[in-house]
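Engineer: sharing a model that was predicted from the sequence below.
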Amino acid sequence: MTIPEKTLQAQIHELTLSRCSFAIYRLPWTDEPILVMQQEGEAQTLQQLTELNGKKGFVLAPFQVTPQHPIVLIRPDIVAKEWPAIGTALKDLPQFPAADNTCPSEPVQTETTLKERYEAAFDRFITPLKEKKFQKLVLSRHYTTDLKEDFRPLDTFIQACNSYPRMMISLCHTPQTGTWIGSTPEIILSGQEEQWHTVALAGTMPMQGDVMPTEWSQKNQEEQAYVGDYIRKTIKKFGSKLTEKGPYTARAGQLVHLKTDFHFMLKETGHLGDILHELHPTPAVCGLPKEQAYEFITANEGGDRCYYSGIIGWLDPTGHTSLYVNLRCMHITGHQATLYAGGGILASSTADTEWEETQQKMNTMRNILSLN
Ligand SMILES: C=C(O[C@H]1C=CC=C(C(=O)O)[C@@H]1O)C(=O)O
């Protein structure tokens with residue numbers, strides 16, 4: 001991706017310190033940054049995904065909606081593509097008030113403390129799995145790291161674009177959500193007119209140098225099949241002419257996942273919010289049975305997922321929609337970043353392997369931070 005002018009880097013940095021609402025994103029296999037910005041007021045907040053029916057804009061939805069973490073919708077007063085047009089669009093902006101600086105610095109935890117905490121959560125999760133109360137539960141964690149003095153969000157966005165051509169890269173800021181940067185491999189809903197697409201993505205292995213490993217363990221195959229079954233069942237309620245491709249091995253940075261593509265037809269696009277409400281959270285980020293798993297995770301995970309494992313992207317019922325699950329992401333707070341990752345746990349899982357998998361997933365963001 002071409003590097004924008006230095007003034008643009010500084011301008012975007014300033015905007016992340018204000019009460020402006022904007023997103024810059026880049027779709028997989030494209031080289032085109034897209035800016036969506038609200039020129040006045042703050043992003044709309046919603047309490048339910050169904051409220052997105054018929055709406056257009058850039059969406060950031062949390063894993064769990066709470067008063068602190070609403071669904072936000074950035075009104076697309078400005079949409080600009082490519083750096084020169086983005087630079088022009090940002091020239092005559094009104095002055096936005098400064099963001100509340102209410103984020104006290106988090107103490108940076110040692111790896112030993114983080115691992116002990118993870119192991120305790122793993123124990124809470126594995127017991128009901130072994131008792132067959134759940135078929136699958138996704139356990140996630142987060143950790144906070146200090147950023148370099150000269151950290152610039154747009155630099156990191158560009159590093160992510162250059163490092164991860166297959167992923168959807170985003171930098172999103174609203175007063176309600178703060179600043180999020182991510183690099184996600186997982187579509188939740190994309191398409192236009194009658195043609196729609198979603199995926200079942202689960203199971204993880206590291207790349208072997210430049211070679212994609214393709215021998216999948218039974219555990220990985222099972223955890224992906226749960227996601228596939230759930231998506232198939234959900235999509236059948238809304239769409240017709242469902243076709244499926246996979247599971248096949250798909251690369252995501254230095255990892256590979258098992259992926260099934262689902263293509264289907266929608267007669268009308270005014271109810272995309274209903275589909276999202278039914279799909280989210282899929283067993284790729286939650287578990288089965290869904291409602292009980294959701295309750296269990298929010299009560300027992302021991303952390304706040306905020307916008308990690310929620311939904312991020314562009315929604316347009318009359319044009320093209322590209323919505324993703326917000327994975328491999330981080331929340332920027334002052335001079336710190338909080339990175340998030342999780343993984344599917346089955347009764348056969350072991351804590352060490354699952355911990356290692358979250359490390360590898362967090363490396364997606366960690367690696368580009370160290371490039372800055
Ligand atoms: C929950 C995450 O990944 C999901 C997507 C692909 C593979 C996954 C897994 O192997 O567990 C997860 O379901 C994450 O990146 O935090």
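Structural biologist: Done, it's in. Residues are numbered from 1 along each chain as shown.

Engineer: quick one: contacts for residue 253?
Structural biologist: Taking CB atoms under 8 Å, 6 or more residues apart in numbering, we find residue 253 in contact with 163-164, 166-167, 183, 185, 328, 363-364, 367. Where you see a C-beta, it was placed from the backbone N, CA and C, and this is true even at glycine.

Engineer: just give me the neighbour total for residue 192.
Structural biologist: Around residue 192 there are 15 other residues, counting by other CB atoms under 10 Å.

Engineer: let me fix that: residue 319
Structural biologist: The local packing of residue 319 (other CB under 10 Å) involves 11 other residues.

Engineer: ok, now residue 107?
Structural biologist: For residue 107, the neighbour count with other CB under 10 Å is 8.

Engineer: and it, backbone torsions?
Structural biologist: When read as degrees, to the nearest 10, the backbone of residue 107 gives phi -70, psi 140.

Engineer: residue contacts, it?
Structural biologist: With CB under 8 Å, 6+ apart, residue 107 has no contacts at all.

Engineer: relative to residue 144, how far out is it?
Structural biologist: From residue 107 across to residue 144, the span is 8 Å (CB to CB, to the nearest Å).

Engineer: quick one on the thing from earlier: is it possible to mark the buried ones in the contacts of residue 253?
Structural biologist: Buried residues within the contacts of residue 253, defined by neighbour count using 16 or more other CB atoms under 10 Å: 163-164, 167, 183, 185, 328, 363-364, 367.

Engineer: sec struct for the residue lying closest to residue 44 once chain neighbours are set aside, please.
Structural biologist: The shortest distance from residue 44 to any non-neighbouring residue, by CB to CB, 6 or more residues apart in numbering, is to residue 73 (4.6 Å). Three-state assignment for residue 73 (DSSP: H, G, I helix; E, B strand; the rest coil): strand.

Engineer: who does the one helix or strand residue 122 maps to touch, helix- and strand-wise?
Structural biologist: Using DSSP states H and E, residue 122 sits within helix 111-130. Contact here means 3 or more CB pairs under 8 Å, 6 or more residues apart in numbering; DSSP states H and E; on that basis helix 111-130 packs against strand 136-146, helix 290-300, strand 336-345, helix 351-371.

Engineer: quick check: angle from the third one to helix 351-371?
Structural biologist: Between the direction of strand 336-345 and that of helix 351-371, the angle (axes from the mean of the first three to the mean of the last three CA atoms, to 10 degrees) works out to 150 degrees.

Engineer: returning to what we had before: show me the contacts for the residue nearest to residue 44.
Structural biologist: Contact analysis of residue 73 by CB under 8 Å, 6+ apart lists 43-46, 52, 55, 57-59, 315.

Engineer: neighbour-wise, which of those leads?
Structural biologist: Taking other CB under 10 Å to define a neighbour, the member of these with the most is residue 58, carrying 30 neighbours.

Engineer: give the next helix or strand downstream of the lowest-mean-pLDDT helix or strand in the chain.
Structural biologist: Least confident element among the helices and strands of the chain, by mean pLDDT, DSSP states H and E: helix 6-15 (a mean of 91). For helix 6-15, the succeeding helix or strand toward the C-terminus, using DSSP H and E, is strand 21-26.

Engineer: can you tell me how far the closest residue in space to residue 97 that isn't next to it in sequence is from the ligand?
Structural biologist: Spatial nearest neighbour of residue 97, chain neighbours left out: residue 19 (4.8 Å); criterion: CB to CB, 6+ apart. Relative to the ligand, residue 19 is positioned 29 Å away (CB to the nearest ligand atom, to the nearest Å).

Engineer: residue 19 against residue 43, yeah?
Structural biologist: No: with contact defined as CB atoms under 8 Å, residue 19 and residue 43 do not form a contacting pair (9.8 Å).

Engineer: pull up the overlap in contacts between the two.
Structural biologist: Common contacts of residue 19 and residue 43 (CB under 8 Å, 6+ apart): residue 175.

Engineer: what sits closest to residue 54 if chain neighbours are left out?
Structural biologist: Distances taken as CB to CB, 6+ apart place residue 270 nearest to residue 54, at 5.1 Å, with adjacent residues excluded.

Engineer: got a list of what that neighbour touches?
Structural biologist: Here residue 270 is in contact with 53-54, 317 (CB under 8 Å, 6+ apart).

Engineer: so which of those wins on neighbours?
Structural biologist: Highest count within the contacts of residue 270 by other CB under 10 Å belongs to residue 317, 19 neighbours.

Engineer: got the contacts of residue 253 as a markdown table, with distance to residue 4 and pLDDT columns?
Structural biologist: As requested, those are exported to a markdown table (distance: CB to CB, whole Å; pLDDT from 0 to 100):
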| residue | distance to residue 4 | pLDDT |
| --- | --- | --- |
| 163 | 17 | 97 |
| 164 | 18 | 98 |
| 166 | 22 | 97 |
| 167 | 20 | 98 |
| 183 | 19 | 98 |
| 185 | 25 | 98 |
| 328 | 23 | 98 |
| 363 | 26 | 97 |
| 364 | 23 | 97 |
| 367 | 22 | 95 |
